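Chemist: Okay, sequence plus prediction incoming.
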Amino acid sequence: MSGWRDLRSGWLVLALALFFGAALAGVHRLLAARIAANVLHETLSQIPALVPGADGGAPVDIRGRTVYRAEAAGRTLGWVVPSGGQGFADRIDLLIGLDADGSTLTGLYILGQKETPGLGNKIIEEPWRGQFRGKSTGQPLVVKKGDPSSGNEIRSVTGATISAESVCGIVNQTVAEMQAALAQATREEPDR
Amino acid sequence: MSAHQPTAAERFLQGIIPENPIYRQLLGLCPTLAVTNGMRAAMTMAGATAFVLICASVLTSLIRGLLKPHLRILVFTLTIAAFVTIADRFLAAYMYAMSKQLGPYIPLIIVNCIIISRCEVCSSKQGVFTAAADAGGVSLGFALALASIATVREILGAGTWFGLRVMPAVWPDWVVMVLPPGAFLTLGLLLGGANWIRAAREKRRGASRAA
């Protein structure tokens, strides 16, 4: 049978795949905690920029996902929600800044991306991601080629529409899922 | 197998200057153009590439007796991809800022032709010691080439070297040198210079033989 012949000639590939798979699992076990600590450190350091006025933040579990309460003098000023989804090349990870009742976006930061250098990776630059600051979460954001004319429009990235739309899609979905829960968490705070 | 295979010492020395992967073979130009706007990024890339090249060469040489001709490229790619993933995770754990700066260029080491060409030319045909020497020489050649380009670009474009100010304060940084056009200009001029030196040496050698 040709199947057996294929297996006999290809056993090395299969054995190597198993061996490398196990080796990478071992590397992941060794390094995952350290990488997660790096990401946590970066997330915490971005909170004052994402929620203006906040001097720090702490992780909280809301609806089964970890979000960060952005605080100043113990009061909740807003929320930073980590989120992510498929971009053009690979996964895009975001930090989304929202005000206390989740009605306005206060900032956006790209935590991780592997979009095309020179085109899609413009999403990490302040002129593009800064557009999200001050946008109302009342209606979903849409990507527009050319200059945005109405309040819920985001200027596209030339040559990288898919990257821009991915980011907008992730933001819209995250806001839809989390806004009510975040607003409720703010209301339930004891000192309000 | 051919009658004569270069020795380990020959392989090591050939890789550095005479068969330099950038200046003589013009391989691996994508990282050469993309990450040479500063010495730190360039040397991180050189280190990661050296790790992958040496590990992949040694492993390929160890299993060279088992390779089937029609599956060898698959085995090379699998081996290279595994070591690149290790390098990528290591950078994310211990050099997080640099890992973010280099972004997709670390995973892209997988498609760096320098590595697969050494597997094909040397390590799938010669012993472990020769393969390691070859990989070491080529890695050194790649690092020297990246350093030469990054030195020119960072000093002219940012006035610094490894992030330390080396140009006088009056130097107006030629920002274009750290932007993509600077990569092409620098590589083109340095390649032209390297070829000019080589041509001049061969001409001298020819003249002395005639005399």
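Modeler: Sure, I can see it.

Chemist: Next, find the distance separating the residue sitting nearest the centre point of chain B from B:Gly193.
Modeler: Residue closest to the mean C-alpha point of chain B, counted by Cα atoms, centre = their mean, is B:Phe142 at 2.5 Å. From B:Phe142 across to B:Gly193, the span is 18 Å (Cβ to Cβ, to the nearest Å). All C-beta atoms are positioned from the backbone trio N, CA, C, and that covers glycine.

Chemist: Repeat that for A:Ser45.
Modeler: Separation of A:Ser45 from B:Gly193 (Cβ to Cβ) stands at 44 Å.

Chemist: what sits against the residue lying closest to B:Gly159 once chain neighbours are set aside?
Modeler: Once flanking residues are discounted, B:Gly159 sits nearest to B:Met167: 3.8 Å by Cβ to Cβ, 6 or more residues apart in numbering or on different chains. By Cβ atoms under 8 Å, 6 or more residues apart in numbering or on different chains, the contact set of B:Met167 is B:155, B:159-160, B:173.

Chemist: Neighbours of the closest residue to B:Glu19 other than its chain neighbours, how many?
Modeler: Of all residues not flanking B:Glu19 in the chain, B:Gln25 sits nearest, at 6.3 Å (Cβ to Cβ, 6+ apart). Other residues lying near B:Gln25 total 16 when counted by other Cβ atoms under 10 Å in any protein chain shown.

Chemist: Could you do A:Leu18 as well?
Modeler: Using other Cβ under 10 Å, A:Leu18 is surrounded by 10 other residues.

Chemist: related to what we said a few turns ago, in this structure the residue nearest to the centre of chain B contacts B:Ala46, no?
Modeler: Yes - using Cβ atoms under 8 Å, B:Phe142 makes contact with B:Ala46 at a distance of 6.0 Å.

Chemist: Contact residues of chain B facing chain A?
Modeler: B:34, B:63, B:66-68, B:70-71, B:74-75, B:78-79, B:81-82, B:85-86, B:89-90, B:92-94, B:96, B:100, B:103-105, B:107, B:180 (Cβ under 8 Å from any Cβ of the partner chain).

Chemist: Now which of those residues would you call buried?
Modeler: Neighbour counting by 16 or more other Cβ atoms under 10 Å in any protein chain shown classes B:34, B:67, B:71, B:74-75, B:78-79, B:81-82, B:85-86, B:89-90, B:92-93, B:96, B:100, B:103-105, B:107 among these as buried.

Chemist: so which helix or strand takes in the residue lying closest to B:Pro104 once chain neighbours are set aside?
Modeler: Excluding the flanking residues, the one nearest B:Pro104 by Cβ to Cβ, 6+ apart is A:Lys114, at 4.1 Å. Assigned by DSSP states H and E, A:Lys114 falls within no helix or strand.

Chemist: Enumerate every residue touching A:Lys114.
Modeler: Taking Cβ under 8 Å, 6+ apart as the criterion, A:Lys114 is in contact with A:87, A:89-91, B:103-104, B:107.

Chemist: Any chance of those residues in TSV with pLDDT and distance to A:Phe20 as columns?
Modeler: Output for the contacts of A:Lys114, formatted as TSV (pLDDT from 0 to 100; distance: Cβ to Cβ, whole Å):
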residue	pLDDT	distance to A:Phe20
A:Gly87	92	26
A:Ala89	85	23
A:Asp90	87	20
A:Arg91	92	22
B:Gly103	84	24
B:Pro104	86	21
B:Pro107	91	15
